[in-house]
Every structure is written in C-alpha cells, then in structure tokens.
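[1] need a 3D model of the following:
(3 chains)
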Amino acid sequence: MRREAPKSFADYTPLLFPGLMLVVFFVVPFSTMIAVSFFKRNPAGFYTPDFVIDNYARFLTTFFAGVLGFSLMLAVLVAVCCVSIAFPFTYLLTKRSRRAQTLWLVGLLSVLSLSEVIIGFAWSTLFSQTAGITNLFVALGLMDKPVALLPTFGAVLAGMIYQALPYTILVLYPALVRLDPTLLEAARTLGASPVKAFFNVVTPALRNTIVATLIMVFVFALGSYLLPQILGRPRHWTLSVLITDQAIYQSNMPFAAAMAVFLVLISLALVGLTLLVGRRENAL
Amino acid sequence: MSGLDINAITKAFGNFIAVDNVRLNVPHGTFVCLLGPSGCGKTTLLRMIAGLEEPTSGAIVLDGEDITPLPTHKRNLGMVFQSLALFPHLSVGDNIAYALRIRGASKEEQKKRVDELLTLIHLPGFADRPVAKLSGGQRQRVAIARALALSPKLFLLDEPLSALDAKLREAMQVELRQLQQRLGITTIVVTHDQREAMTMADLVVVMGHGRILQAAPPIEIYRKPADAFVADFIGITNLLPAEVDSAGRTTILGTAIPGLAMPAGVTRASVSIRPEDVHLGQPGSRAITGQVTFVRDLGGTIETFVEVGSTSIIAVATPRERPNVSVGAKVGVTLPPESCVVLGS
Amino acid sequence: MNRLISTQVSRRSVLGAGLATAGVLAMPSILRAQDKSLKVGVYGGYFKKSFDEHVFPDFTKATGIAVESVAEPTGEAWLVQLEQAAKAGQAPADLSMMSQTSTLKGQSTELWTPLDTSKFKHYGDLLPRFINKYPDGRVAGIGAVAWWITLVSNTDVYKEAPTSWAAFWDKANEDKLGLLALASNSFLLEVTAKTFMGGTNALDTEEGLNKAFEKLAEVKPNVRLWYRDEAQFEQALKSGEIPMGQYYHDVTGLAIADGFHVRTTFPKEGGIQDSGNWVLSRASTKVDEAHAFIDYMSQPSMQGVMSRKVGTTPTLKKEVLDLTPAEFASVSSDIEPIIPRYDLYTSKADWINQKWTELIVG
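    Numbering: from 1, shown residues only, chains lettered A, B, ... in the order given. Reported below is the predicted structural model:
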C-alpha cells in the first residue's frame, strides 16, 4: 500500500495532539530553562531577567569538569552493566513459559514502583555494617567480621544498576520476544553452540535495540541524584546532585539551569556521536 | 548401514502425543517428503532429526551412528527454515560463510566456497548484497546455499517454499529436486502441499495424528492409497461405498462391478477411484446411472459432476475424450475395476 | 520526599524537602468564620499539626481572631511566592514562619512590614538574637520557633560523652561522623570559628573564612556521611553505624525517649541555635491582627506551652519562663549558643557554597 503525502491541513490533525504535548511538556520547560540560564543571579534575592554568561563561565572550571566527567562515566558504566545483565537475562526470560514470563514482568514492574529514596535506604541497610549482608557472610563463615560496604563507588553503582535494571529489561523485552527464534536454531544447525550463537547471531541482530537501550539507561542514570548521596561519598556525587543543591538549597536557578543545559547538551552530543558511529558501522 | 534410520521415535508434549512411535528408513541419497495436514507431527519429527527437539523415546541413527544424544551443532546437517532465518545483520556472502567461519575456515576458503555455492544457486556476484535487498526467491536460494555450505550428510527443509507465490514455488520445486539429484544428498522436506511432494520426492511419507499412514513412492501413494485419509489427502478422489451382495458380487451404488474383488471376509468397504479413471457414457445396465449436475471446463481438463442418489461422483477427461454430456442429462458411469482401490477400514 | 520514610515527622523545614512539597501548598484549614481573621503560614507537617492543635484554637479563644493556617513549602520557595504575590498586591499568608536567611533576603526587597514593638508586652524579655532588624534598626521579624543542632553520639560506641566540637577533628574518629552536607544548614564554619578561632567574628574577613575552610578540611577523613536527609543519619546513628555527628537536639531527645542508645551533648563551645521568625508580608492588611498574634506567641506562658508541647526552644529570657529546670534542659542550655552567621549566606552565598562544595567533593 502506498501512503500519500498529506495535502491539506486536516491531514495533519493526527499530529496535533502529540505536537501539543511535545510543546507543553518539552519545548516550553526546556526553553524556560535555557532562558533562565542566562538570567542574572541576585545572591540576596532570586534572579532578574538579563543576558549574562556568568552562569556558564562559572561552570567552566576543572572542578565542574571533574564532576561532569564522573557523572558521564558513572552513567555509561551503569548503562553498560545494565544492558550486559539485562540482555542475556531477558533473552532467557523469553524462553520461559508465558506464566513464568508474566510473573517475572509483574515482579519487575513492582520494583519500578519503588522510589529512589526507598531503593537508596534499602541498599544502605543491605550494605551497612550493623544490619547488612556481610553479617550473613559472617554467619556462613565466609568472613571474619561484618564490614560496611558503603559509602563506596561500588555501592553507588549497585544501587543505580538495581534502579535502572527493570527499565532496561522492560525496554529489551518486546524486541527479544519478537526476535525470530529460528535465527538461533539456524545458527545451531550451522554448527554454532547455543552460547556462540547467542553472541554472534542474537546480539548483532539486535544491535540497534541494544544501542537504543544503552542510550536510554545512560540518560536515565544521568538524572540520578539521590542514590549517589545515600550510597556514596561526596566525590561520588553527580552533577545532578550539584544542580539540585543550586536549585533547591541555594536558590540559584540561573546557575542550576546553566548546569542542566550543559548536561543536556553534553548528553545529546554523546548520544549523537553514538548514533553516528553506529550508522557508519552499519554502512560498512 | 548407510542412510537415516528413525527407530520408534515418540514425542509427547505433556499429554499430547505429537509423534507416535514412528519408524522410518531413509536410504542414502533419497529425497523424502513428510506430508500431512498441520498438526500431524511432521515438523516435530523433522525438528527431532535436527536435534531441535528431544525425543521422549526412540533413537535416530545416521549412517550407523546413534545421533540422538548429539546436540544440533554436532549433527552435521543443513536446515532451511520456514522463515528462512537469514541473519539480518550479515550480507549474502557472510550468511553462506557462517558455518565455515564458525569452524575457523580461512578467508580464502570461505570466499571460494561462497562463490561455488552462489554459482550453484544461480546467484553469482551476490556475495556483498545485504539480505534485506533480495527478492523472495533469492532469499530462498541463499537459505539453501547457507545450509549446504558444509556439504552436510543430511539436508532438512521445513516448509521451505510456503512463502513463495504459486508460480515461483513450482519453479523452485523443480530446481530443488535437480539440485538434490546433482548433490546426491539425503534430503527431508516437510510440506503440506501434495503437489510439491509428488514433484520432488522419491519417497512420500503421509502422516496423520503423529503416525505414518503410508510411506511409498509418489505414484504408488497416488495409485494405491492405504486408506481413505491418504486417498483423500493426495489429490482428488471419489470415495464410494462398496458392498458384497447376496450373489457374491461386489456392487457399488447398487451396480455390480465385475472383476472387483473384496478381501476375504469383508462385505462392506470404501472404494477409491481417481476422477480421471471414471468413464462417462450412455446409460445402460452395466453402468451406474446418474444425472449431470455441473460441468467445469478448464480448457486443459473437463470436470463433470454426476449425482447418483445422494452421492456425487467427479469424472475428469481431456478435451480429446470429451464426453458428450450437458447439465441435467442422464449418464452411465463406468468404473474400471483395475482402477478401483478397496480401502482398509 | 525525604520525609516519607522518616519514622518521626521531621520538625524542620529549613533543610528543604524540595520541589515535591512545593506543589502541595495552601491547604487552609479555617477554624472559625469571624470578623477578624489572620492567615498564618507555618512549615507543613509536624509544625502545622502542632500549631493547629495547641496554639491556634486558644489564640482565637483569647483574642477573637480566626486563624487560617497555611502549610508553607520549605526552602526558599515560599519566599519566592510571597515576593511574587506581594508585587501583585496579594498575600497568600499575612504572617509567615521564615528562616533567618530568607528573612534577610526578604529584607533586601522590603518584603516585610516593619513591626511596631510597642505592641509586644514582652518585647523586652526577648533574647536579642530573636529580633531580626533591618540595617536601619526597624524590626523585620520576631523569633517564632528555635531549635538546636548539637553534638550527638551513640552511647554503645562512645561510653563517655564528648565534650567539645573538637571531637570532630580527633584522629581517633576516622570515618565515624555524619555531618550536614551544606554550608548553610550545617553551620560548620561557625563551629570551626568558635572552636578554634575565638568566635564567629573570625569569619568577617575572607582571610578568616579561608582559614576556617582550611581547618574544616581536616575533618574530611573523619566524615563517613555528608547528609541532606535527616532520616538517613538518624537511622545510622541509632544503629551505631555512624556513631557521632551533628544532629537536631529535639529529634535526638525523642529517640532517647524511645529507648535508642544515643545522646545529645551541648559542647562547651555551645550548641548551634537556628530559628525561624514571624514576618509580615507588606501586602498584608491584617497588621493589627498580626501584631496581636506575635504578642500572644511571645508571652512566657505560650513559650512554655510551645516548649512542652512542640519541643521548641523559648525565645524569651530564661528568668521569665515558667519551665522547670528539667523542662528547660530538654529544650535548651545555659551555655552560650553558636549563632549562625546568616549574613554570610546572603552576602557571600555563592562564594561560600562554591568553596564548600569543592571542599567536600574535591
């Protein structure tokens, strides 16, 4: 069937609602943020409409570069870990019975209902010296005495992976369910063991899905600001933590906006780069 | 012993018996078609041969070796799937070379074999094309070439031509048969299309409800169907009730058919007679009298529908022997006894 | 958001529960429709509940002025709203409870109607630190509620109570402290200045501030947790996971009452006293009623009620109060408090904040 190009205004009406939503929930807030990022900060009061670049200038220091670098590194690491865990997991899940799949998905959805705060506190208890998991290891004779596993980078990473994993699985699930199971079988009849076939047929066949999922988890992890505070030391605080400090505790909206704009631009640039590299590889 | 031996294979999914105690011997180099309606167990049987399903009981022996415990990737077979299952991220050449690459063959070796196979399937120079850019028939051939890359002992195809349109399908049937004969490879095709089976197979295996109903060369299946199910499934047939009358003569629809003998002790049975064996003529005492209800003139053949009581009989004739009948006319139907097959109950 | 999991409702709002609460505004509960009325903004949650229960009904009974209490959001969101409403001649609340920093910020735009102190019978009994004045001497706010941040410790881990803030610098306490994460709510610069530099006046100069930052940097190895969320530290303190730190005197008192092995100590340098003011929006027309309310709240008997029922520190001199020594000790101390240098958090806010962040993150 051939689709005809829209001719009259009425042909565009199906686009009106999504377009409106995009404007209301994205264009307007984001434009406001960009505008505020150029406003003048008044330390005794709030801000006054203006056009100054001080807010961006303040950001361009090695200190913020370090924090930004850490935030990006953390988000990339969370994305890579999540996809490495979720992809094989989801694949195996799609091989289970419908009932088992439903149970797992309902379980994962219920994890999504946990707020970042609850996840943070649960993990801080789990990693604590007094009530944490190491007490179990001691009871099992694996360790001599319980230790605190937080605040550490590992604790931050574990918490964030835990938080992002259900999203990752739910994003990967439809693609893996739709994946033609005979692709793997074909590889097996051609002499590939199931594990080999998984890596050189299933994984590359879903390359675009994997890249899209990586980007989604990356962006998701970039916005995390509670878990780094609860599970990490100050040097594990992300840029989002500092943005929150500025916006909520210092009432410095212009600077917070400038940092947020910067973060968005850097993330967009990274996402764009990923897609560009992906396209070039595909073309080969 | 050379060839494939399927030894009392059974596959149960819970309470459902998909394949029920199937025994089959396929001599080396034979082209076998597993034929039957959907759900008859033919695909499950093929998948067990491939190692993609594990039999509940029984053994599969290939050239004297019991391959039942071997995983698929160690069975040395090539398989073409109904979906074709071409790897979307690989080019035509890389798809075909996949099995060689898995085994660590050198680049030159891979290229040489790919070129060989592309020539074999009449697609030379296609190695660098992405599979998404191929037509249905081309994809079909690439899937076949990929399965044959390692010169396997066994070539399995699961409804391989079902996605093609009718004309292309017929052409591919011939091509596939010719390819198989050239390579001399033991081949098993699953199909529900009896025409396809008749075209390609040395041996047609008709299955129903998980069992083999008849395994024989195509013409024998056509001429001597083992039962009503096979007779009805293979081609068009007339299934008519026959009984032995008080004088010991075999009668069909009340008319005696001299020369048609029933097995000893059987007084009632179904008789199958192919439409092209039914002769129409003037009504007479030696013929069954009926009335023509419809004539379908297809140019190449003419089908005449005759009603005898509540039974409908179809007769097929070529234009040369065109019976001179018209709708509503009374005709005499003659059934040559040598063409009548008395079916087991 | 932080509050959801806190077992005790937090009493403070200066910490700023953030945007989540900012949306939940103005849910007025009207006590009685009368001729004279007053809208009073109080920190949402514990404070609003306590005021609705122990303060407003009696005030209405005593003065005939109906009170409509408004839950104010935390942080500076309420200040922003008052400011913007005042520009339009509106007052979402006549009187509001306002943090010291916010009071100072409101002064810069003359947001607060100067108060006529002659209408407060006990004005002379107010402790000077609870009178917030414009630079020219007009009174911008009168102390509403006050609380202490003290040196807290887990009694299982520390058998002896620490006596000085200097304990934070003790090498023996490596990785054992929980401190508030922001300069403007931990007041650790003031603590450093009072403990090691002779008083908070040392922070007058940039040089003094730099020295305080340097000294404070020595604390870093001892800090296990820089917290924004009260519940997080409270839980760790109770379990002994993080056995020492700075925390709220009143909440710690509740934990002790619940049987947890924790203690709160007024160090010899003094506890940190933070407070909120009653301020009157310049857009409000209820000037007389507002004065009547502040006057009512500043009576010794009301301060006693507040200490006993709400747990706040009295804003009046100890001599005029009707509190028993035990009651007084539970909400205050005779040791001279460390009064935060709120001026720094308006005049040098960004500079201090930047240095602070670099100090703890870097």
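
[2] residue B:77 and residue B:157, how far apart?
    Per CB to CB, to the nearest Å, residue B:77 is found 11 Å from residue B:157. (C-beta placed from N, C-alpha, C; glycine too.)

[3] could you break chain C into its assigned domains?
    What automatic domain parsing lists as the domains of chain C is C:11-146+C:274-331, C:148-272+C:338-361.

[4] among these, which is nearest chain B?
    Each of those was scored for nearness to chain B using CB to the nearest CB, and the closest is domain C:148-272+C:338-361 (43.8 Å).

[5] which bits of the stretch 151-284 of chain A sit near chain B?
    Residues of the stretch 151-284 of chain A lying close to chain B by CB under 8 Å from any CB of the partner chain are A:180, A:182-183, A:185-194, A:196-197, A:200-201, A:204-205, A:207.

[6] hmm, stretch A:87-99 touching chain B?
    No - Stretch A:87-99 lies apart from chain B when judged by CB under 8 Å from any CB; the minimum separation is 11.6 Å.

[7] and the contacts of that stretch?
    A:100-101, A:104, A:169, A:172-173, A:176-177, A:179, A:198, A:202-203, A:206, A:210 (CB atoms under 8 Å, 6 or more residues apart in numbering or on different chains).

[8] buried ones in that stretch?
    Residues of stretch A:87-99 classed as buried: A:87, A:89-91, A:93-94 (neighbour count, 16 or more other CB atoms under 10 Å in any protein chain shown).

[9] in helices, which of those appear?
    Among the buried residues of stretch A:87-99, DSSP state H puts A:87, A:89-91, A:93-94 in helices.

[10] which one of these is nearest residue B:221?
    Top of the list for closeness to residue B:221, among these and by CB to CB, is residue A:94 at 40.8 Å.

[11] sorry, back to before: dump the buried residues of stretch A:87-99 into TSV; add distance to residue A:38 and pLDDT as well.
    Formatted as TSV, those follow (distance: CB to CB, whole Å; pLDDT from 0 to 100):
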residue	distance to residue A:38	pLDDT
A:87	42	94
A:89	45	95
A:90	44	94
A:91	48	92
A:93	48	94
A:94	49	92
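
[12] first to last residue in stretch B:63-77, what's the distance?
    End-to-end distance of stretch B:63-77 (CA to CA, to the nearest Å): 13 Å.

[13] before we move on, the earlier item: worst average pLDDT in the domains of chain C?
    The minimum mean pLDDT among the domains of chain C belongs to domain C:11-146+C:274-331 (a mean of 84).

[14] show the contacting residues for the most centrally placed residue in chain B.
    Centroid check for chain B by CA atoms, centre = their mean gives residue B:197 as the closest residue, at 2.9 Å. By CB under 8 Å, 6+ apart, the contact set of residue B:197 is B:33, B:35, B:189, B:191, B:204, B:218.

[15] can you name the residue of the stretch 51-200 of chain B nearest chain C?
    residue B:89 (43.8 Å).

[16] and the helices in the stretch 101-250 of chain A?
    A:116-126, A:133-139, A:153-178, A:181-189, A:194-197, A:203-205, A:207-222, A:227-231, A:239-244 (DSSP state H, counting those that start in this stretch).

[17] can you redo those helices as CSV with mean pLDDT and mean neighbour count?
    What follows is those, written out as CSV (pLDDT from 0 to 100; neighbours: other CB atoms under 10 Å in any protein chain shown):
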stretch, mean pLDDT, mean neighbour count
helix A:116-126, 90, 19
helix A:133-139, 89, 14
helix A:153-178, 93, 20
helix A:181-189, 92, 23
helix A:194-197, 91, 15
helix A:203-205, 89, 16
helix A:207-222, 90, 20
helix A:227-231, 91, 27
helix A:239-244, 90, 23
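
[18] in a markdown table, list those helices along with distance to residue B:138.
    Shown next, in a markdown table, are these (distance: least, CB to CB, whole Å):
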| stretch | distance to residue B:138 |
| --- | --- |
| helix A:116-126 | 52 |
| helix A:133-139 | 58 |
| helix A:153-178 | 24 |
| helix A:181-189 | 17 |
| helix A:194-197 | 24 |
| helix A:203-205 | 20 |
| helix A:207-222 | 24 |
| helix A:227-231 | 53 |
| helix A:239-244 | 52 |
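
[19] quick one, phi/psi of the closest residue in space to residue C:261 that isn't next to it in sequence?
    Ranked by CB to CB, 6 or more residues apart in numbering or on different chains and with sequence neighbours excluded, the top spatial neighbour of residue C:261 is residue C:155, at 4.4 Å. Main-chain torsions, residue C:155, degrees, to the nearest 10: phi -70, psi -20.
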